[in-house]
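> I need the structure of the sequence given here:
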Amino acid sequence: MTGIAKTGSEKSFLRMERIGSLLSFDRSFLNHAQWHPALQAPGQIPLFLAAPEDGHESSPPRQRVVGFDEAGRGSLAGPVTVACVRFDWDDICTPSGDLRTSVLETFVELNDSKQVARRVRERLFALIQAEAQYGIGCASALEIDQLGIVNACHKAASRAYQRLLGTQPHGGICADIGLFDRGLSLGEEATKAAFSAFVQVTKGDAKSFHIAAASILAKVWRDAFMQSLATRAEVYDFADPHELADPHELADTYGFAEPYGFARHKGYGSAAHILAIQRHGPSRFHRKTFLTRI
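The predicted model follows:
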């Protein structure tokens, strides 16, 4: 049987409903005093809950969720980039606790960055920057080779979180709840020290509003950086590229037309990219430990 095509208003309603479910998922973690590992839904691993300092369970009213996601983990070249995002629940919910319709409408297109068209990602990037507190950090190809990709992701996530904290006024905000896309963290001990509770969520960018927002920031920022390499430096002397906030500034001043096609594949292992590496050898942007089979 042929399905009946949905009208534009019906599609918009369904998308707003999906955004509402992403926000509800995140809000469910605010009452973390009631969490228990045995009650976790599938795909959420592992849960850590810190004991309150006074020994009593509590749920501070200003507690907030921070979502983390990364871009570029599997790329052959360029940095791995992590973004973290924190929205103010007073902006998301009415005093009675209902989700604000204006928020659902504003972010109706939010999704896993891989499922969103480039123009939509760039529009969401600007909206998230305007409406949320955020941090973006990265680890260079050199650091990835030295530390391994897992520890480099930890470093990039820590840098992103430090940037977010740098935007906050001191005092008045309790320890945050960290939501990480599966496989990502600040490192086990650093994550436990930073958050009152944290959880890794399988396919988190499709389940969590905050993780989805972080995935948009990380991908758009990293794509802009890789795009900048197409007309700029073949020199990658920045051991700490996170120190510069503008991705174009990171690869500035050298005026080099690179032969690898970073603007097209963003450093991933396309056939054309692999052929260029075989033909020209690796650049300083390449992760040497990722090229052993090329």
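> is the residue sitting nearest the centre point of the chain in a bridge, and if so with what?
Closest residue to the average C-alpha location of the chain: D69 at 2.7 Å, with C-alpha atoms, centre = their mean. Beta-bridge partners recorded for D69 (DSSP bridges): A83.
> look up how far H280 lies from it.
Going from D69 to H280 by C-beta to C-beta, to the nearest Å gives 32 Å. In this view, the C-beta of every residue, glycine as well, is placed from N, C-alpha and C.
> and V199, that's in a strand?
Yes: counting by DSSP: H, G, I helix; E, B strand; the rest coil, V199 falls inside a strand.
> verify the stated contact: it with F180.
Yes: counting by C-beta atoms under 8 Å, F180 is a contact partner of V199 at 7.2 Å.
> need the phi and psi values for G137.
phi -140, psi 160 (degrees, to the nearest 10).
> for T202, same thing?
Note on T202: its backbone torsions stand at phi -60, psi 130 [degrees, to the nearest 10].
> measure it to N151 for me?
21 Å.
> what's the answer for H210, then?
Applying C-beta to C-beta to H210 and N151 gives a distance of 24 Å.
> these two: who's more crowded?
Using other C-beta atoms under 10 Å, the more surrounded residue of H210 and N151 is H210, with 29 against 14.
> look at the more buried one and give its secondary structure.
helix.
> surely it and D88 touch.
No: the criterion here is C-beta under 8 Å, and H210 misses it with D88 at 11.7 Å.
> hey, where'd the strands end up in this structure?
Along the chain, the segments classed as strands by DSSP state E run 44-49, 65-71, 80-86, 133-139, 176-181, 195-201.
> name the nearest residue to G183, sequence neighbours excluded.
Q200 (6.9 Å; C-beta to C-beta, 6 or more residues apart in numbering).
> any idea how many residues pack against the one you found?
21.
> before we move on, back to that, wait, doesn't the residue nearest to the centre of the chain sit right on V82?
Yes: D69 is within contact range of V82, at 7.2 Å (criterion: C-beta under 8 Å).
> what sits in contact with each of the two?
184, 214, 218 (C-beta atoms under 8 Å, 6 or more residues apart in numbering).
> quick revisit: redo the strands of the chain as CSV? Include distance to I274 and mean pLDDT.
Output for the strands of the chain, formatted as CSV (distance: least, C-beta to C-beta, whole Å; pLDDT from 0 to 100):
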stretch, distance to I274, mean pLDDT
strand 44-49, 34, 46
strand 65-71, 20, 97
strand 80-86, 19, 97
strand 133-139, 23, 96
strand 176-181, 27, 93
strand 195-201, 32, 92
